[in-house]
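Engineer: All I have is the shape, not the residue letters:
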């Protein structure tokens, strides 16, 4: 595995659970990762943000669980099939290199405000192109963009990282006005179809947190595997009741 250098390692407010403290050390690879190195990083629980890799290392909580879909075993549910039919009828999917422009930066800001992901009360809050690029377009590996269009209108942008045997969903933002079409779920299903077509065994969905309304939906994709205490564990069914975050002994 390529050497990485820690550039930030401090306790901070948890971005996933209110009132929790998080430790998310940021590491920079010494050089761009190969596809095989992306596979190894994902299997070890790493996520990417811009040019940085990170892995939750919180002192008193293990709520974050990396989650992935075994592509050949997954079968869309009835709800997933309805989402696919509705999305296929309405949207045009384009797959290409990640792009940073004003249209995408504005969509990202609109998504954050509309989904309650910002601490600002200003619904006119904007994101400049440079900030958007640093978060999603600048990368330390091979990345790809999945964009949804309704005619000439940009509906959703999702960026994913490519390994030899993996595709990793990094982030998805969409127009809140189209939330009824479940563009986030629809994009995951299109990424799954892409993996089937490309012969990619694993689709990584990022982190699953049972008590986070923005992350718990990922457990609806079954079967799936979650990395718990360093071991990838398979789940065949959707959890009945969200589990409380597991905490280490003080």
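Structural biologist: Happy to help now that I have it. Every value quoted in this text rests on a predicted model; they were computed, and no experiment measured them.
Engineer: Figure out the helix or strand that residue 193 lives in.
Structural biologist: Assigned by DSSP states H and E, residue 193 belongs to helix 183-198.
Engineer: The chain: helices as residue ranges?
Structural biologist: Ranges of helices within the chain are 35-43, 78-90, 102-114, 129-132, 183-198, based on DSSP state H.
Engineer: Buried residues, the fourth one. List them.
Structural biologist: Spelled out, it's helix 129-132. The neighbour-count check on helix 129-132 (16 or more other Cβ atoms under 10 Å) flags residue 132 as buried. To be clear about C-beta, it is placed using only N, CA and C from the backbone, and glycine gets the same treatment.
Engineer: again with the third one
Structural biologist: Within helix 102-114, the residues that qualify as buried are 104, 105, 106, 107, 108, 109, 110, 111, 112, 113, 114, counting by 16+ other Cβ under 10 Å.
Engineer: and the gap between the third one and residue 77?
Structural biologist: Distance of residue 106 to residue 77, given as Cβ to Cβ, to the nearest Å: 33 Å.
Engineer: Residue 225 now?
Structural biologist: Taken as Cβ to Cβ, the span from residue 225 to residue 77 is 17 Å.
Engineer: Who has more neighbours out of the two?
Structural biologist: Per other Cβ atoms under 10 Å, whichever of residue 225 and residue 77 has more neighbours is residue 225, with 19 against 13.
Engineer: Bridged to that one, which residues?
Structural biologist: Beta-bridge pairing of residue 225 under DSSP bridges involves residue 68, residue 234.
Engineer: how much space is there between it and residue 183?
Structural biologist: 25 Å.
Engineer: repeat for residue 222
Structural biologist: For residue 222, the distance to residue 183 (Cβ to Cβ) stands at 21 Å.
Engineer: neighbour-wise, which of these two wins?
Structural biologist: The neighbour count for residue 222 versus residue 183, taken as other Cβ under 10 Å, is higher for residue 183 (26 against 16).
Engineer: Settle this for me: the more buried one is touching residue 155, isn't it.
Structural biologist: Yes - contact criterion Cβ atoms under 8 Å: residue 183 and residue 155 qualify, at 6.1 Å.
Engineer: So, low pLDDT: which residues of the protein?
Structural biologist: Flagging of the chain using pLDDT under 70 yields the residue ranges 1, 116-125, 240-250.
Engineer: change it to 80
Structural biologist: By pLDDT under 80, the low-scoring segments of the chain are 1, 115-126, 240-250.
Engineer: All the strands of it, in order from the start?
Structural biologist: When assigned using DSSP state E, the strands of the chain occupy the ranges 4-8, 11-13, 21-23, 26-29, 47-49, 52-54, 65-70, 92-96, 143-150, 153-162, 166-174, 202-208, 224-228, 231-235.
Engineer: As CSV, the ones you listed with distance to residue 136 would be great.
Structural biologist: Shown next, in CSV, are those (distance: least, Cβ to Cβ, whole Å):
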stretch, distance to residue 136
strand 4-8, 19
strand 11-13, 21
strand 21-23, 21
strand 26-29, 16
strand 47-49, 9
strand 52-54, 12
strand 65-70, 19
strand 92-96, 14
strand 143-150, 8
strand 153-162, 5
strand 166-174, 6
strand 202-208, 13
strand 224-228, 23
strand 231-235, 26
